[in-house]
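In: here is the input, now give the coordinates:
(chains A and B)
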Number of protein chains: 2
Amino acid sequence: MNKLLFHSILCTAICLAGTMLTAQDDTNQQDVDAKFIKGIHNQILTDGECYDWLTELTIDVGARLAGSPGSVKAVEFMELKMNAIGFDKVWTQECKVNYWDRGEKEEVYMTSPRPQRLNALSLGNMIGTNGKVLEAEIIEVQGLDEVDALGEDIVKGKIVFYNRPMDPTQIRTFSAYGGAVDQRVYGASKAAKYGAVAVLVRSMTTRQDDVPHTGTSIYKEGIKQIPAISISTNDANMLSNTLHKEKVSVSIKNNARPLEERTSHSVIGEIKGTEFPNEIILVGGHLDSWDVGAGAHDDGAGCVHSLQVVRTLLELGYKPKRTIRCVMFQNEENGLAGGREYARVSNEKGEYHLAALESDSGGFVPRGFSFEGHADVLKPFYRHVSQWLPLLESYGLQFSTGGSGADIGPLKSQKGLLIGLRPDSQRYFDYHHTDIDRIEAVNKRELELGAAAMTSLIYLIDKYGLQ
Amino acid sequence: MNKLLFHSILCTAICLAGTMLTAQDDTNQQDVDAKFIKGIHNQILTDGECYDWLTELTIDVGARLAGSPGSVKAVEFMELKMNAIGFDKVWTQECKVNYWDRGEKEEVYMTSPRPQRLNALSLGNMIGTNGKVLEAEIIEVQGLDEVDALGEDIVKGKIVFYNRPMDPTQIRTFSAYGGAVDQRVYGASKAAKYGAVAVLVRSMTTRQDDVPHTGTSIYKEGIKQIPAISISTNDANMLSNTLHKEKVSVSIKNNARPLEERTSHSVIGEIKGTEFPNEIILVGGHLDSWDVGAGAHDDGAGCVHSLQVVRTLLELGYKPKRTIRCVMFQNEENGLAGGREYARVSNEKGEYHLAALESDSGGFVPRGFSFEGHADVLKPFYRHVSQWLPLLESYGLQFSTGGSGADIGPLKSQKGLLIGLRPDSQRYFDYHHTDIDRIEAVNKRELELGAAAMTSLIYLIDKYGLQ
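Out: Below you'll find the model as predicted:
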């Protein structure tokens, strides 16, 4: 739907553009731009460093939950990299982040009708059983409404098992995620309201496998906190099949616990613009990850994509007219403190972000960009699109309207253009928030093509602006 | 370039189509078709069996070089599957295939300036050293012309080392493959002409790794046969770097040998058309693979894609107007005997293939289709495209002109439409002709989306024909 709407706007834009520039001007400029964009791709596909950086980040640094020792190491790592790349200025920006600790490995078992260990991960921000064994009968539900319908009589004293799968027929897997993730985010709070003692949540993936997926969860204020655990889709199916025949009990033993706020940092690097230094073009991802795996796709990929954009522009001798700012946001997974603080400080300083591009959908082959923003910036942008799209289509890239990125969301107040990189989404939820989101899950060429796509768009925005 | 041409033809087609049907008719039909195509995707993404079939084919059958015991097993496997799916008729078609045996594992060493084992695979159809050690100095070249330029004085008695890489800056990796594979196919014959004793060929991949890639090679008639070995890209770089400093010798010991022709079979299944049984729509892939790995992407994926097309149409209760024929071609890798024999027999019977769609580019996320054919069929087809493309674009599919598939190439004489599935090509040459082309390299959703794309197009061609 968004795409169709976009196309109709685009058609209008093409007509408008036709009246604004002569055909000759267009052709010359398009030729220059096509060559530069080819040069960007050549540089990254032959000498790109993003895959090596991601290897270092995921292996030498590893998991980096905001506030953890890993995140401190990640901030140092990123400052070093940015300084080596040759930004005009590199700095860190303090923010206060939620901190949460998983404790020892979760022990989750089906105890009745037969013993079987479940592949499980405590959900972020949730309390645990304090190292004691909590055992109860489980009841399966397909969503939050069903818990309301069952009420206290049935829910009290039970473990509520949320088992509505991500819809595999959604072609965009992020839509399927959006249609199921309320169970993970609000399930514990909803079940606790009716006296449940814990919740199990089916992992957010369309795969059938043994890999549990963690992620953030939120307690409503005033509701008693209860443990919340994700289990693998294979285990979820097994429990559900068993429940069709007989009663099932599960035991949970874990040590997860929210701890005091900690101080952490986003990392920022900047190349000052030569003509319009007050127009900032931001490119970024988030530096933090969950505490399992190594955050390779989520969002190491976005971080190294963003570094590569600047590295490549410098390698090609391009002098940005506008200020290019590369931001590695802190705490996206667990509170968005970095993104919020960045926008707060930026607004306080009276800065203006002409455009902000976030990569936080993995290091897969890029399929295009998604745009959102105030009408004042979107309308003139559509005129540019008619010139730019043909330059990018030959790389398999499309434009669509829609969301951008969580970390840049708070910049909406500045009324610039917000952009999300849209890589192919088919494999993203195979790895999202798991122990297997590691460098082995990332294909070097696919990662590089994402960086090249981003660099190409940043080049066009910098060169032409958005008016 | 092809895509641009296609778009301009498409624009004309859109204008023509506008005069042919009323807007109301279009809307109703498009609605029906959109629902059916959504139904195809839903069926395959929830109940598709192609991934399970591919698991069986690659694990229970495994490698299946034409004429080998594995290929006999593969033919039996495919007959059983086709019969179980419910084709009206299933049969095998005999063909005489080249047969070649690798013998024991190759032993290839750099012997001087220091000993180091190389990751190597004998090239298909080539002779070996008959189990003896062949040792000689190597000379590096970047292509066939360079061998001509060096001539007998320099080449005689040496091992020629072809080291021109696939160009990583080509966005379509098949173009990069096309630009380098002459070294593998003709390199041995060219070097032998000037008295070389063997050739080493850099593996056909853009990756830097330890995985050697085999593939077919051809001796020119009257040229003395010499051994031909592919080596991994890491080893190729190591040899090249060493050669910049000093002379390098390599030893080869292998038992590869072409053997006598064998009898093998393609496997064919058919659903008779209800209205136009004499218009055949073919969907297929090739059943044979190389003798290493398990031919998961090449071309197990194409085989199970094709089976899934028919299975899904039957599952949805669709009665084809035209005859749908599913063909698992034999011997694509090593001679194309199956494709040639299929076309010969078909021509002899006076059959007409309205369209033939081959999947032989891997089980990755589908990006569209590539078309070729006689003007008599292409022109009316372009009119249909204007109706069909909007139905497929929302699944990320595009149309382009270009090649189709090797096995269906011999059907050109029937002047129908030849079509190739075009999956994303970025990862294809990571696995092509290697020991790691196994089920683990295939993503279930990506495979399923390829089958759904093919089924959708076959449905449209069957329903509307091409006039």
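In: from the centroid of chain A, which residue is nearest?
Out: Nearest to the geometric centre of chain A sits residue A:360, at 3.6 Å (Cα atoms, centre = their mean).
In: neighbours around the one residue in the stretch 251-400 of chain A that gets nearest to chain B, how many?
Out: The nearest approach of the stretch 251-400 of chain A to chain B comes at residue A:365, 5.2 Å away (Cβ to the nearest Cβ). Where C-beta positions appear, they are placed from N, C-alpha and C, glycine not excepted. For residue A:365, the count of nearby residues is 25 (other Cβ atoms under 10 Å in any protein chain shown).
In: hang on, the earlier thing: now do the residue nearest to the centre of chain A, the pLDDT please.
Out: Confidence at residue A:360, expressed as pLDDT, is 98.
In: who are the contact partners of it?
Out: Contacts for residue A:360 (Cβ atoms under 8 Å, 6 or more residues apart in numbering or on different chains) come out as A:285, A:286, A:298, A:299, A:302, A:332, A:405, A:406, A:407, A:420, A:421.
In: okay if I get those residues as CSV plus neighbour count and pLDDT?
Out: Below are the contacts of residue A:360 laid out as CSV (neighbours: other Cβ atoms under 10 Å in any protein chain shown; pLDDT from 0 to 100):
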residue, neighbour count, pLDDT
A:285, 27, 98
A:286, 30, 98
A:298, 26, 98
A:299, 31, 98
A:302, 32, 98
A:332, 26, 97
A:405, 27, 97
A:406, 17, 97
A:407, 30, 98
A:420, 23, 98
A:421, 31, 98
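In: can you add secondary structure and distance to residue B:132 and give those back as a markdown table?
Out: Shown next, in a markdown table, are these (DSSP: H, G, I helix; E, B strand; the rest coil; distance: Cβ to Cβ, whole Å):
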| residue | secondary structure | distance to residue B:132 |
| --- | --- | --- |
| A:285 | strand | 57 |
| A:286 | strand | 60 |
| A:298 | helix | 54 |
| A:299 | helix | 56 |
| A:302 | helix | 55 |
| A:332 | coil | 62 |
| A:405 | coil | 62 |
| A:406 | coil | 65 |
| A:407 | coil | 64 |
| A:420 | strand | 61 |
| A:421 | strand | 56 |
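In: now for these, which pair is the farthest apart?
Out: A:332 and A:421 (14.8 Å; Cβ to Cβ).
In: give me the pLDDT for residue A:165.
Out: Note for residue A:165: predicted pLDDT of 98.
In: spell out which helix or strand contains it, please.
Out: For residue A:165, there is no enclosing helix or strand under DSSP states H and E.
In: quick one: it from chain B, how far?
Out: 10 Å (Cβ to the nearest Cβ, to the nearest Å).
In: need the helices for chain A, in chain order.
Out: For chain A, the helices defined by DSSP state H cover A:2-20, A:23-47, A:50-56, A:69-85, A:144-155, A:173-178, A:182-193, A:233-243, A:301-315, A:337-348, A:375-393, A:428-431, A:444-464.
In: please work out which of the ones you listed is packed deepest.
Out: Ranked by mean neighbour count under mean count of other Cβ atoms under 10 Å in any protein chain shown, those are led by helix A:301-315, which reaches a mean of 27.
In: low-scoring stretches of chain A, by residue?
Out: For chain A, applying pLDDT under 70 flags the ranges A:1-24.
In: who in it is up against chain B?
Out: Contacts of chain A with chain B, taken as Cβ under 8 Å from any Cβ of the partner chain, map to A:3, A:38, A:41-42, A:45-46, A:168-169, A:171, A:173, A:206-207, A:365, A:367, A:393-396, A:424, A:426-427, A:430, A:443-446, A:449.
In: neighbouring contacts of stretch A:132-143?
Out: Contacts for stretch A:132-143 (Cβ under 8 Å, 6+ apart): A:111, A:147, A:150, A:154-155, A:157-164, A:182-183, A:197-198, A:200, A:227, A:239-240, A:243, A:247-253.
In: buried sites along it?
Out: By 16 or more other Cβ atoms under 10 Å in any protein chain shown, the buried positions in stretch A:132-143 come out as A:134, A:135, A:136, A:138, A:139, A:140, A:141, A:143.
In: same question for stretch A:429-442.
Out: Neighbour-count burial for stretch A:429-442, with 16+ other Cβ under 10 Å as criterion, is recorded at A:429-439, A:441-442.
In: okay, and the beta partners of the residue lying closest to residue A:284 once chain neighbours are set aside?
Out: Spatial nearest neighbour of residue A:284, chain neighbours left out: residue A:327 (3.8 Å); criterion: Cβ to Cβ, 6 or more residues apart in numbering or on different chains. With DSSP bridges as the criterion, residue A:327 is bridged to residue A:268, residue A:284.
In: check contacts around residue A:327.
Out: Contacts of residue A:327 by Cβ under 8 Å, 6+ apart are A:266, A:267, A:268, A:282, A:283, A:284, A:306, A:342, A:407.
In: ok, back up a step: show me the two of the buried residues of stretch A:132-143 that sit farthest apart.
Out: A:135 and A:143 (24.9 Å).
In: got the CA coordinates for stretch A:360-376 in CSV?
Out: What follows is stretch A:360-376, C-alpha atoms only, in CSV (Å, rounded to 0.1, in the frame of the first residue of the first chain):
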residue,chain,number,x,y,z
ASP,A,360,19.0,-1.5,12.1
SER,A,361,17.4,-4.3,10.0
GLY,A,362,20.5,-6.5,9.5
GLY,A,363,23.4,-7.0,7.2
PHE,A,364,21.4,-8.7,4.4
VAL,A,365,21.3,-7.7,0.7
PRO,A,366,19.8,-4.2,0.5
ARG,A,367,16.4,-3.9,-1.2
GLY,A,368,16.0,-0.1,-0.7
PHE,A,369,15.1,2.6,1.7
SER,A,370,12.0,3.6,3.6
PHE,A,371,11.2,7.3,4.2
GLU,A,372,9.2,9.3,6.7
GLY,A,373,9.2,13.0,7.7
HIS,A,374,7.4,16.3,7.8
ALA,A,375,5.5,17.3,4.6
ASP,A,376,7.9,20.3,4.3
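In: now that stretch, how far from the centre of its chain.
Out: Put simply, stretch A:360-376 sits 12 Å off its chain's centre (Cα atoms, centre = their mean, to the nearest Å).
In: and what of stretch A:104-122?
Out: Once both centres are worked out by Cα atoms, centre = their mean, stretch A:104-122 turns out to sit 29 Å from its chain's centre.
In: and the end-to-end length of that stretch?
Out: This stretch, stretch A:104-122, spans 10 Å end to end (Cα to Cα, to the nearest Å).
In: so for it, what gets flagged as buried?
Out: In stretch A:104-122, residues buried by neighbour count (16+ other Cβ under 10 Å) are A:106, A:108, A:109, A:110, A:111, A:112, A:118, A:119, A:120, A:121, A:122.
In: what of stretch A:350-362?
Out: Neighbour count says stretch A:350-362 has A:351, A:352, A:353, A:354, A:355, A:356, A:357, A:358, A:359, A:360, A:361, A:362 buried, by 16+ other Cβ under 10 Å.
In: now do the same contact list for residue A:396.
Out: Shown in contact with residue A:396 (Cβ under 8 Å, 6+ apart): A:365, A:366, A:367, B:171, B:367.
In: can you give me the domain boundaries for chain A?
Out: Using automatic domain parsing, the domain ranges for chain A come out as A:2-99+A:261-464, A:103-255.
In: in JSON lines: the ones you listed, plus distance to residue B:218.
Out: Converted to JSON lines, the domains of chain A look like this (distance: least, Cβ to Cβ, whole Å):
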{"stretch": "domain A:2-99+A:261-464", "distance to residue B:218": "29"}
{"stretch": "domain A:103-255", "distance to residue B:218": "42"}
